[in-house]
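Chemist: Using only what follows, build the 3D model:
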Amino acid sequence: MADSRRWVWWGVALGACLFVYFLHPILTPFLIAIVLAYMFDPVVDRLERFGFSRTWGVITVFALFIVILMTLLLVLVPMLAKQLLKLYELAPQILDWLQHSAMPWVQAKLGLSDGFWKFDKIKAAITEHMGQTTDIVGVVLSQATASSLALIGFLANLVLIPVVAFYLLRDWDIMMAKIRSLLPREREEQIVSLAKECHDVLGAFVRGQLLVMLALGVIYSAGLMLLGLELGLLIGLMAGLAAIVPYMGFIIGIGAALTAGLFQFGGDLYPMIGIVAVFMVGQALEGMVLTPLLVGDRIGLHPVAVIFAILAGGELFGFTGVLLALPVAAVIMVLVRHVHDLYKDSQVYKGEEPEL
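Modeler: As a prediction, the model looks like this:
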């Protein structure tokens, strides 16, 4: 009987893998909707405690989310488009500096051979494309409208995501209760306990680390723009996104900001000190305020596990795999922890002889 149950569970796991493999091209909007429902469920639950019905709580959360999102898009998209165009125009100058200043210095310090790195072809390619167009938004739109079918599919997914997320969020508690009612009775408590651990691990990342990333993006962007850095918004948002791995956002952001500042301010000391100060303040706030407040002492995903999960998911299933990577990594992390505990309590680890 135990063997038959084990085979049933293996069959369910195999069926889930095959389902994702064959249907992953259409799963993306549903997975994004599930992520939104998962993230906003605690907010709706809190509104219910204040007397809102479940439906009106979901409507309120969606209305606020759409207003904030549209405001950000109307403000940020034009600014980002201008900064992307500025970066596009600066690319040949950056390559010139790398070829004629940075690389000769590296070559002299490391004793490398002459011409070990060529930028001529890269520079020529960028210059050629700049001659063809100066409107990045136009390039993106032309690519997006190259296939009318792809554009229709994109718009359909864009409409589908909020619709699916609304119904999932409205019925979230009901679905969780039904899933729990289907669990094997003798294993219900154990499975629920494992699911709670997975929820804690994933929640510490999704609801904690993502908020930290957002806060750092705002801090870095605001600080760099106050200093007058032309690419401040772009670099700040990039550093915030890179903060998905601790310290990566700081390293990438300060490197990109100092490079941009070198070209814009000509190596003037005070703006460069200001750039360093912005990232030092951001890093201090992350360690002393943001992470303790938003993530707390919950055990999240290890940075190496995050990198590996995202790369592996993207390689196997594309963007769908990226969305599935972190939940799967959270489950695997919890299971590995329990296997570790079982091993430490086993006779194999302790070297004890079984009692007769």
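
Chemist: Point out the other elements, helices or strands, that the longest helix along the chain touches.
Modeler: As assigned by DSSP state H, the longest helix anywhere in the chain is helix 2-49. With contacts defined as 3 or more C-beta pairs under 8 Å, 6 or more residues apart in numbering; DSSP states H and E, helix 2-49 has these neighbours: helix 54-97, helix 148-170, helix 172-181, helix 303-344. The C-beta positions use only the backbone N, C-alpha and C, and glycine is treated the same way.

Chemist: Pick the most buried one from the ones you listed.
Modeler: Neighbour counts (mean count of other C-beta atoms under 10 Å) averaged over each of the helices and strands packed on helix 2-49 peak at helix 303-344, with a mean of 16.

Chemist: Now do the helix or strand following that helix, average pLDDT.
Modeler: Under the assignment DSSP states H and E, the closest C-terminal helix or strand after helix 303-344 is helix 347-350. What helix 347-350 shows for mean pLDDT is 73.

Chemist: Can you give the distance of helix 347-350 from its chain's centre?
Modeler: Helix 347-350 sits 40 Å away from the centroid of its parent chain (C-alpha atoms, centre = their mean, to the nearest Å).

Chemist: Which residue ranges make up each domain of this protein?
Modeler: Listed domain ranges for the chain are 26-182, 185-300 (source: automatic domain parsing).

Chemist: So which of these has the densest surroundings on average?
Modeler: Per-stretch averages of neighbours, counted by mean count of other C-beta under 10 Å, single out domain 185-300 among these, with a mean of 18.

Chemist: how about P42, what does it touch?
Modeler: P42 sits next to R207 when contact means C-beta atoms under 8 Å, 6 or more residues apart in numbering.

Chemist: no wait, V44
Modeler: Contacts of V44 by C-beta under 8 Å, 6+ apart are 54, 57-58, 61, 169, 172.

Chemist: and these as CSV, adding pLDDT and distance to I244?
Modeler: As requested, these are exported to CSV (pLDDT from 0 to 100; distance: C-beta to C-beta, whole Å):
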residue, pLDDT, distance to I244
R54, 90, 32
G57, 91, 29
V58, 92, 28
V61, 91, 24
L169, 91, 24
W172, 89, 25
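
Chemist: Go ahead and report the secondary structure state at the residue nearest to H338 when sequence neighbours are not counted.
Modeler: Nearest non-adjacent residue to H338, counting by C-beta to C-beta, 6 or more residues apart in numbering: L194, 7.2 Å away. Classification of L194 by DSSP: H, G, I helix; E, B strand; the rest coil places it in helix.

Chemist: Same question for L229.
Modeler: At L229 the chain is in coil, as set by three-state DSSP.

Chemist: For it, list the residues it contacts.
Modeler: 235, 257, 260-261, 264, 271, 275.

Chemist: likewise Y349?
Modeler: Contacts of Y349 (C-beta under 8 Å, 6+ apart): Y343.

Chemist: I'd like the distance from it to D341, if you could.
Modeler: Y349 sits 11 Å away from D341, going by C-beta to C-beta, to the nearest Å.

Chemist: Quick one: residues contacting the most centrally placed residue in the chain.
Modeler: For the chain, the residue whose C-alpha lies nearest the mean C-alpha position (C-alpha atoms, centre = their mean) is I244; its distance is 6.1 Å. Applying C-beta under 8 Å, 6+ apart to I244 gives the contacts 209, 213, 306.

Chemist: now, which of those residues sits nearest L76?
Modeler: Ranked by distance to L76 (C-beta to C-beta), the contacts of I244 are led by M213 at 15.4 Å.

Chemist: Does that closest one touch G249 like I think?
Modeler: Yes: the pair M213 / G249 is scored as a contact, 7.4 Å apart, by C-beta atoms under 8 Å.

Chemist: Now do the shared contacts for these two.
Modeler: Shared contacts of M213 and G249, defined by C-beta under 8 Å, 6+ apart, comprise 240-241, 243.

Chemist: Need the residues you listed in JSON lines (columns: pLDDT and distance to Q83).
Modeler: Below are the shared contacts of M213 and G249 laid out as JSON lines (pLDDT from 0 to 100; distance: C-beta to C-beta, whole Å):
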{"residue": "G240", "pLDDT": "90", "distance to Q83": "15"}
{"residue": "L241", "pLDDT": "87", "distance to Q83": "15"}
{"residue": "A243", "pLDDT": "84", "distance to Q83": "19"}
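
Chemist: In a markdown table, list these along with secondary structure.
Modeler: Formatted as a markdown table, the shared contacts of M213 and G249 follow (three-state DSSP):
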| residue | secondary structure |
| --- | --- |
| G240 | helix |
| L241 | helix |
| A243 | coil |
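
Chemist: ok, those residues vs V322, which is closest?
Modeler: Nearest to V322 out of the shared contacts of M213 and G249 is L241 (C-beta to C-beta; 13.2 Å).
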